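Asks: dropping a prediction and its sequence here:
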Amino acid sequence: MLAPIAVPAQPIPADPDGHTFLPPPTTTAVADRHEVDVVVIGAGPVGLYAAYYAGFRGMSVAVIDSLPEPGGQCSALYPEKELFDIAGFPAIKGQALVDGLVAQAQKAHPLWLLGERAEKLEPSDTGIEISTDRGTIISAAGLVIAGGIGNFEPRVLEPASRYLGNGLRYFVPRLADLADKDVVVVGGGDSAVDWALSLEDIAASVTLVHRREQFRAHEQSILALRGSTVNVMTPYEVGSVGGNSHVDSVTVVNTVDGSMQEVAATEVVAALGFIADLGPLQSWGLELQQRRIVVDRSMRTNLQRVFAVGDIADFEGKIRIIAVGFAEAATAINHIAPLVNSAWTFSPGHSSDMVK
């Protein structure tokens, strides 16, 4: 039997923004070899829901993620961003959603293997075996890959690279860390625009620098940006960053005429996108299409007993939003159920019929 991870009996004190954060779950099992019904790779929102749903269907589950805590991109990229397309929530911040999903997943008493990367996969007619970079081996009846975009690293803002940790950052886990600062946000995508708007009423000043006139962000975010007090500088790019031990200014260069301006800054947020790497998954024999795993309507891959869900999965007509990922996770788990127990059917029944 796998030892469950205890859920805190009392809520963890809320942070200044009013959130309650669960502590990172830790693995309680001691042995390096484990046997469960289902393995989930990826502890982002979709992977967490897959873990919960496996428990709902009566299965034991292990969750593997290379990051040291659950949440995936949601926690790393936009913990403070409000999400508006999650059913039942008019608006919910990324980290608050992850907290709820972790608490929900705990109902399955999963084996958490955080800070471990899945390295090798051996599928067969009777099951699958996963080996991690830390030597852990897990056997299961089925595998759900919910790895998002894979391992990801931020694109480096070269002119400011030496100030990393001293004014330069690539993530904003807590908006309060930038309160009363002069902030320069660099980029033209959703993250850049969202962070600029979120900091508008918190920072002393916010300047958004983008090398093109057009932004790649959501239309509603661009409309909000145009009506904000954010100093939008386009088409400009960062030419150099000033400061001795810490950032104290940014010089931007017009990409059309080459003219330069100096902007006061004590913090630079570089939101230039990420370089994704599927890592060992690329050597497993999975059918890939543009760095995503091809699946059928049941979320099956071309490998036996291996399913893929969320952003990493691809099929015709795919909609890449979290809400769809939740449905894909339930679909995959329901199709794994008969592989775990031949007496089980695809039909999950209604959660309201569960005995508490």
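Replies: Everything's here; your move.

Asks: how is residue 193 assigned, secondary-structure-wise?
Replies: Following DSSP: H, G, I helix; E, B strand; the rest coil, residue 193 is assigned to helix.

Asks: for residue 49, same thing?
Replies: Taking three-state DSSP, the label given to residue 49 is helix.

Asks: report the contact partners of it.
Replies: 101, 104-105, 325-326, 329-330 (CB atoms under 8 Å, 6 or more residues apart in numbering). Every residue, glycine included, has its C-beta placed from N, CA and C.

Asks: so how far is stretch 254-267 off the chain centroid?
Replies: Computed by CA atoms, centre = their mean, to the nearest Å, the chain-centroid distance of stretch 254-267 equals 32 Å.

Asks: next one: stretch 185-193
Replies: Offset of stretch 185-193 from its chain centre (CA atoms, centre = their mean): 17 Å.

Asks: and for stretch 241-251?
Replies: Per CA atoms, centre = their mean, the centroid offset for stretch 241-251 relative to its chain is 31 Å.

Asks: how about that stretch: buried residues?
Replies: By neighbour count on 16 or more other CB atoms under 10 Å, the buried set for stretch 241-251 is 241, 243, 247, 250-251.

Asks: quick one: the helices in the protein, in order.
Replies: Applying DSSP state H to the chain gives helices spanning 45-56, 72-77, 94-105, 190-199, 219-226, 322-340.

Asks: just name the most buried of those helices.
Replies: Of all the helices of the chain, helix 45-56 has the most neighbours on average by mean count of other CB atoms under 10 Å, namely a mean of 28.

Asks: any idea how far that helix is from the chain center?
Replies: On the basis of CA atoms, centre = their mean, helix 45-56 sits 15 Å off its chain's mean C-alpha point.

Asks: same question for stretch 252-261.
Replies: That offset, for stretch 252-261, works out to 35 Å (CA atoms, centre = their mean).

Asks: re the thing from before, take the contacts of residue 49 and write them to a markdown table, including pLDDT.
Replies: Formatted as a markdown table, these follow (pLDDT from 0 to 100):
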| residue | pLDDT |
| --- | --- |
| 101 | 96 |
| 104 | 97 |
| 105 | 97 |
| 325 | 96 |
| 326 | 97 |
| 329 | 98 |
| 330 | 97 |
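
Asks: that older thread, tell me, which of the helices of the chain is the model least confident about?
Replies: For those, mean pLDDT drops lowest on helix 72-77, to a mean of 76.

Asks: check which helices and strands that helix is in contact with.
Replies: The contact analysis (3 or more CB pairs under 8 Å, 6 or more residues apart in numbering; DSSP states H and E) places helix 72-77 against helix 45-56, helix 94-105.

Asks: now tabulate these in TSV and tack on distance to residue 284.
Replies: As requested, these are exported to TSV (distance: least, CB to CB, whole Å):
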stretch	distance to residue 284
helix 45-56	17
helix 94-105	25
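
Asks: out of the ones you listed, flag the one nearest residue 339.
Replies: Residue 339 sits nearest to helix 45-56 of all the helices and strands packed on helix 72-77, at 12.0 Å, using CB to CB.

Asks: state the distance from residue 113 to residue 68.
Replies: Separation of residue 113 from residue 68 (CB to CB, to the nearest Å): 11 Å.

Asks: so the residue nearest to residue 330 when sequence neighbours are not counted versus residue 34, what's the distance?
Replies: Leaving aside its sequence neighbours, residue 330 sits nearest to residue 53 (CB to CB, 6 or more residues apart in numbering; 5.2 Å). Distance of residue 53 to residue 34, given as CB to CB: 20 Å.

Asks: do the same with residue 295
Replies: For residue 295 relative to residue 34 (CB to CB), the value is 26 Å.

Asks: settle it for me: which of the two has more neighbours?
Replies: residue 295 (25 against 19; other CB atoms under 10 Å).

Asks: residue contacts, the more buried one?
Replies: Counting by CB under 8 Å, 6+ apart, residue 295 makes contact with 301, 307-309, 313-315.

Asks: can you check residue 222 too?
Replies: 193, 215.

Asks: now do it against residue 200, distance only.
Replies: Applying CB to CB to residue 222 and residue 200 gives a distance of 14 Å.

Asks: and what of residue 218?
Replies: For residue 218, the distance to residue 200 - CB to CB - is 17 Å.

Asks: residue 320: neighbour count?
Replies: By the criterion of other CB under 10 Å, residue 320 has 11 neighbours.

Asks: roughly how far does it sit from residue 328?
Replies: In terms of CB to CB, residue 320 sits 11 Å off from residue 328.
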